[in-house]
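[1] fold the following and give me the result.
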Amino acid sequence: MPTIVVEVMPKAELLDPQGKATKGALSRLGKSEFTDVRLGKRFELTVEGPITDQVRADVAEIAEHVLSNSVIEDVVAIHYPEGEK
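    So this is what the prediction gives:
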């Protein structure tokens, strides 16, 4: 069964307190070469059967209206398994 991956990130213009805290932790560990950290979300949607145009349309709709909050987040990528158009 194919798995589709949807990536959601906070909008670039918004503060990311979790990312800032993670960057601080990296600095305390001596990893100061990392200048910024932003945390997002990854969703994996498993599909029974082939990935049709309708499935693609449904994934796009779900990503925008269910998996992300359009006020503060952007859907940055939808990855389909190799070999799927």
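[2] can you pull out the strands in this protein?
    Secondary structure of the chain (DSSP state E): strands at 3-10, 41-46, 73-79.
[3] Gly30 is nearest to which of those strands?
    Nearest to Gly30, of all those, is strand 3-10, at 26.6 Å by CB to CB. Any C-beta I mention is one placed from the backbone N, CA and C, and that applies to glycine too.
[4] so what secondary structure elements neighbour the lengthiest helix in the chain?
    Taking DSSP state H as the criterion, the chain has its longest helix at helix 17-28. Helix 17-28 sits against no helix or strand, with contacts defined as 3 or more CB pairs under 8 Å, 6 or more residues apart in numbering; DSSP states H and E.
[5] try 10 Å
    Judged by 3 or more CB pairs under 10 Å, 6 or more residues apart in numbering; DSSP states H and E, the packing partners of helix 17-28 are strand 3-10.
[6] tilt between the strand it packs on and strand 41-46?
    With axes from the mean of the first three to the mean of the last three CA atoms, to 10 degrees as the basis, strand 3-10 and strand 41-46 are set at 160 degrees to each other.
[7] picking up where we left off before, ok, and which of the strands of the chain has the densest surroundings?
    Highest mean neighbour count of the strands of the chain: strand 3-10, a mean of 18 (counted as mean count of other CB atoms under 10 Å).
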